[in-house]
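> Using only what follows, build the 3D model:
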Amino acid sequence: LIKFKLLIRSLFCFILSIFKILFFWENRFIKEFSINKVYIGDLIYDHFIRHDLTFLKSSLINKKFFKLLFFSIYEFFYIEKLIKRNFYSAIISGTNTYKSISAFAMRIGLRNNIKVINLISNNLRVFNKYEESLRSELYISKKILDQISKTKNWQKKFNIYLKKRLKGQILFPTAKDAYSKKIDYSKNKLLKLFNLNKKFKKLGIFAPHSFSDTNNGSGKFIFRDYFQHFKKTLDILNNDKETLWLIKPHPSRHFFKEQGVVENEIEKSNSNNVFLCPENLTPKSAILASDVFVSGRGSIGLEAACFGKKTILAGECFYSHLGFTYNPLNIKEYEYLIRKKPKNKLNKSQIIIAKKAFYFKAFKNSSILKSIFPISNQINISLSNSKVKQKKIKPKNYLNELNQKFNIKKLFKDNLFVQFNKILLKEFE
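Residues are numbered from 1 along each chain as shown. I've put the predicted structure just below:
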């Protein structure tokens, strides 16, 4: 009987939603769709475009989306009923993205004043406010920056890490794809490479996202998705005839089989001032050569800040509130900034803050190096010889490694267990 009621309730909500989408709500669905004051339009849409280059389809009016929408609504009501019926004092969630049980439970729980324990690798955070579920789980607070300031030798460790990263020796896929087998270009070499008769006043670099990957998982975004952001920005750049614009596609777009998408759009534009970056160009070269640097909200904007450049972003992310990026509130303001090309150099204090933020991201799985529980993407820096020790665990090997190490007698003395226990006791005492 309960499942039948849920089904009827879901069907009614689904039909009403379809009516809104069909007649006046399609473009607003992603930014506004909520159930019982819990926003889930972003979760459903990101799930919808994650595979098969679905982002290329501009309309939501198709069988695939309608099927996804119905099951999302049903799952939402089921999870909501389960949470409200059992009076939980806390919910454990492994992610805040996509149409997942974890993401739905997190938002429903926080909307109903239930604390959420967010656990990713060896990072544990306790969320108390609903707004925390609408931004990146890596969101950097002042408290985190203060903790990094007190971390011994953090700058030396970061500098060693950065040198290895720039050589393509960091195992994290995006970092490796970005710098492995790449070379540095000077600004003059870049300009000569295109052998253009016209002399441009400035050089701009645009670094779009991978179009399929977590479009709305980091907070508000002024565009519908990353592909719309790319296409609209391409239009803006085409009209900026006094600037030579180079577009650097995301280094890991091959994960989602997106090779050729950026190239095709540039070719279709038939532009005389917008071109594709050389494939073997390092991000560092692109950043340093640029008079204006534009991205969506990816890590490259943070990397640019570490090299002293202020990036124009198109949405919120885990570092966008720290004062070293331009953060337009709407598309009109975004276009104005690109055309105006405001000062893009950062001062020393801003660069230090950016490096702290990058340190947090790079070493987020490395605060504890020894544990019964296997932790992937660990980085251990030796200051004596500048060596970087990295640990990467394949998911299929996780349980085998855990079984080899696990000992119930040692569990309560384990570093990871002790740290998590301390955090939880403080939050729930």
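> Flag every buried residue along whatever helix or strand residue 146 lives in.
Using DSSP states H and E, residue 146 falls within helix 142-149. Going by neighbour count (16 or more other C-beta atoms under 10 Å), the buried part of helix 142-149 is 145, 148. C-beta: built from backbone N, CA, C; applies to glycine.
> From the contact counts, what lies against it?
On a contact count with 3 or more C-beta pairs under 8 Å, 6 or more residues apart in numbering; DSSP states H and E, helix 142-149 meets helix 348-362.
> and residue 220, how many neighbours?
17 (other C-beta atoms under 10 Å).
> before we move on, back to that, next, the angle helix 348-362 makes with the helix holding residue 146.
90 degrees (axes from the mean of the first three to the mean of the last three C-alpha atoms, to 10 degrees).
> Quick one: name whatever helix or strand follows helix 142-149.
With DSSP H and E, the next secondary element past helix 142-149 is helix 154-166.
> What lies in contact with that next one?
148, 170, 175, 179, 282, 284, 306, 355-356, 358-359, 362-363, 379, 381, 383, 386, 388 (C-beta atoms under 8 Å, 6 or more residues apart in numbering).
> Just the buried residues of those residues.
The buried subset of the contacts of helix 154-166 - by 16+ other C-beta under 10 Å - is 148, 170, 175, 179, 282, 284, 306, 355-356, 358-359, 362-363, 379, 381, 388.
> Point out the least confident one among these.
In terms of pLDDT, the lowest of the buried ones among the contacts of helix 154-166 is residue 175, showing 86.
> Give me the neighbour count for residue 262.
22.
> give me every residue that touches it.
Shown in contact with residue 262 (C-beta under 8 Å, 6+ apart): 208, 230, 247, 249, 253, 276.
> Could you dump these into a markdown table with distance to residue 295, neighbour count and secondary structure added?
Output for the contacts of residue 262, formatted as a markdown table (distance: C-beta to C-beta, whole Å; neighbours: other C-beta atoms under 10 Å; DSSP: H, G, I helix; E, B strand; the rest coil):
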| residue | distance to residue 295 | neighbour count | secondary structure |
| --- | --- | --- | --- |
| 208 | 7 | 26 | coil |
| 230 | 11 | 23 | helix |
| 247 | 11 | 23 | strand |
| 249 | 12 | 24 | coil |
| 253 | 14 | 20 | helix |
| 276 | 16 | 14 | strand |
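> Contacts only, for residue 99.
Residues near residue 99 by C-beta under 8 Å, 6+ apart: 40, 43-44, 46-47, 68, 72, 75.
> Need the max-distance pair from those.
Greatest spatial distance among the contacts of residue 99 (C-beta to C-beta): 46 and 75, at 15.2 Å.
> of the two, who's got more company?
residue 46 (22 against 17).
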